[in-house]
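Trainee: Please work out how this folds:
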Amino acid sequence: MLKTLIPTLSRLRFAIQLAMLFVTVYGSVLVGTYMAGKISNALPALSCAYDQMNGGYCVLIPTQHILHHRIGEAMVRAQQLTLSMILPLLMSFLAFFAFFFVLGKAFCGWVCPLGTLQEVVGRIGRRFGIGLRRLTSADLLAAHRVRPVKWLLLLGLVFLLPLLTGLGVTPHALGNPYCDICPSRVATTLLTGNTDQLALRVGDGWSFALGAAADFLIGFMIVGGLAIRQPFCRICPLLAFNALFQRLSPLRLVKTAHANCGQCRICSDACPMDIEEISQQAGRKAYTEDCTLCGRCAEYCPQDGTIRLKWGPLALFSSRRAYYKDKVRSELPDGSVKPLRFMQRDEAADAR
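Mentor: Below you'll find the model as predicted:
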């Protein structure tokens, strides 16, 4: 009885994800709609500023706005950059680092509402018997080629275009281009009953194109998420942004080399980002920029103590053979579960 009351790491993470989904989508219920800045305007997770009911804003929106409206426009007026101009940007980054120091990239795997929604979509797909698209060697090679996309989006849509718009080089509609295509803007506002962000804006060509891209990405995320784990996370610029500072946080996954590593590949199969280095490497090389610190590799490693989730010197979770055996009884490493059956078949009737 006591064993059933102790949650597995996956169940604990999913419970936290659901709680944070409520905070990041409906958080104003707790802090009040007009509370200045709400919880924060610099969360390291895709909590959309277009969602009027959320409890905190994603760091990418103030970054774009400050580059656009403060730094870029200040440079156009040929004014000298002073603390009064860059202080808001510095404060946003300081707030980001304060949050990031505690949980690091676990904001992606445990807090981000868009990541949670993708996992829910994947669970629905598994429950209804939609086959998981397993990545072959060729697919993994293609996945490696996709990794730079998130860096290009971060550089181009979060940093470069807002700055160029502030300088007057690009149209005003490109002032915060990433937020205009971010599927979190559509998904989280829809959860609050607001359909405005799903509608296409036809008054301006750039606005129409960005809105169409957002609708395409949310469709890609929903449809693709039924068969591929975390499809949008693989190109998310906030994952790249967090990866820049991942070594600043004491929260990390640690892998010790084992004689069987690289043979069973269970940890790579369990990884929702299909990081093959986890099974092949040890130390820091085992965890690439795509790691979201979800901890599934530690849950499904069958070797005692090989993979640990640590915060500084403290081991928060460690792989164990007994835990692995108990875990696979209800869910396989790739997330596959028994599909729902709405009606039990009468085998005797079938025989007749």
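Trainee: for residue 59, what are its contacts?
Mentor: Residue 59 sits next to 41-44, 92-93, 95-96, 238, 241 when contact means CB atoms under 8 Å, 6 or more residues apart in numbering. (C-beta placed from N, C-alpha, C; glycine too.)
Trainee: Can you show me the helices along the stretch 51-200 of the chain?
Mentor: Remark: helices assigned in the stretch 51-200 of the chain by DSSP state H, counting those that start in this stretch are 60-65, 73-76, 83-103, 106, 113-127, 137-153, 161-166, 177-181, 183-191.
Trainee: Serialize those to JSON lines and add fields for mean pLDDT and mean neighbour count.
Mentor: JSON lines is the format used below for those (pLDDT from 0 to 100; neighbours: other CB atoms under 10 Å):
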{"stretch": "helix 60-65", "mean pLDDT": "88", "mean neighbour count": "24"}
{"stretch": "helix 73-76", "mean pLDDT": "73", "mean neighbour count": "16"}
{"stretch": "helix 83-103", "mean pLDDT": "83", "mean neighbour count": "15"}
{"stretch": "helix 106", "mean pLDDT": "93", "mean neighbour count": "27"}
{"stretch": "helix 113-127", "mean pLDDT": "91", "mean neighbour count": "21"}
{"stretch": "helix 137-153", "mean pLDDT": "76", "mean neighbour count": "13"}
{"stretch": "helix 161-166", "mean pLDDT": "93", "mean neighbour count": "22"}
{"stretch": "helix 177-181", "mean pLDDT": "94", "mean neighbour count": "22"}
{"stretch": "helix 183-191", "mean pLDDT": "93", "mean neighbour count": "24"}
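Trainee: So which of the ones you listed is nearest residue 252?
Mentor: Closest approach to residue 252 among those (CB to CB): helix 106, 9.5 Å.
Trainee: How far off centre is that closest one?
Mentor: Helix 106 has its C-alpha centroid displaced from the chain centroid by 9 Å (CA atoms, centre = their mean, to the nearest Å).
Trainee: quick revisit: can you tell me which of the helices of the stretch 51-200 of the chain comes nearest to residue 11?
Mentor: Comparing the helices of the stretch 51-200 of the chain by CB to CB, helix 113-127 comes nearest, at 12.3 Å.
Trainee: That closest one packs against which elements?
Mentor: The helices and strands touching helix 113-127, judged by 3 or more CB pairs under 8 Å, 6 or more residues apart in numbering; DSSP states H and E, are helix 9-26, helix 183-191, helix 205-225.
Trainee: Pull out the buried residues from stretch 215-222.
Mentor: Neighbour-count burial for stretch 215-222, with 16 or more other CB atoms under 10 Å as criterion, is recorded at 215, 217-218, 221-222.
Trainee: now stretch 197-205
Mentor: 197, 201.
Trainee: Can you tell me what sits against it?
Mentor: 50, 171, 173, 185-186, 189-190, 207-208, 211-212, 214-215.
Trainee: can I get the residues you listed in CSV with distance to residue 74?
Mentor: Below are the contacts of stretch 197-205 laid out as CSV (distance: CB to CB, whole Å):
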residue, distance to residue 74
50, 26
171, 19
173, 21
185, 27
186, 32
189, 31
190, 36
207, 25
208, 30
211, 29
212, 32
214, 29
215, 34
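Trainee: Now the two most distant members of these.
Mentor: 171 and 190 (27.3 Å).
Trainee: hmm, back to that, what's the closest of the helices of the stretch 51-200 of the chain to residue 301?
Mentor: Across the helices of the stretch 51-200 of the chain, residue 301 has its closest neighbour in helix 106 (18.1 Å, CB to CB).
Trainee: List just the nearest of the contacts of stretch 197-205 to residue 230.
Mentor: Among the contacts of stretch 197-205, residue 186 lies closest to residue 230 (CB to CB), at 17.3 Å.
Trainee: got the contact list for the nearest residue to that closest one once chain neighbours are set aside?
Mentor: The shortest distance from residue 186 to any non-neighbouring residue, by CB to CB, 6 or more residues apart in numbering, is to residue 218 (4.5 Å). By CB under 8 Å, 6+ apart, the contact list for residue 218 reads 183, 186-187.
Trainee: and these as a markdown table, adding distance to residue 255?
Mentor: Shown next, in a markdown table, are the contacts of residue 218 (distance: CB to CB, whole Å):
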| residue | distance to residue 255 |
| --- | --- |
| 183 | 32 |
| 186 | 37 |
| 187 | 33 |
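Trainee: And those, which is closest to residue 9?
Mentor: Using CB to CB, those come closest to residue 9 at residue 187, 25.6 Å.
Trainee: wait, isn't the closest one in contact with residue 116?
Mentor: No: Residue 187 is beyond contact range of residue 116, at 10.1 Å (criterion: CB atoms under 8 Å).
Trainee: still on that earlier bit, let me have the contacts of residue 59 in TSV, extended by distance to residue 26.
Mentor: Below are the contacts of residue 59 laid out as TSV (distance: CB to CB, whole Å):
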residue	distance to residue 26
41	17
42	20
43	15
44	20
92	23
93	27
95	21
96	23
238	21
241	25
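Trainee: which among the residues you listed gets closest to residue 27?
Mentor: residue 43 (10.4 Å).
Trainee: how about the closest one, what does it touch?
Mentor: Per CB under 8 Å, 6+ apart, neighbours of residue 43: 24, 56-59, 96, 99, 107, 111.
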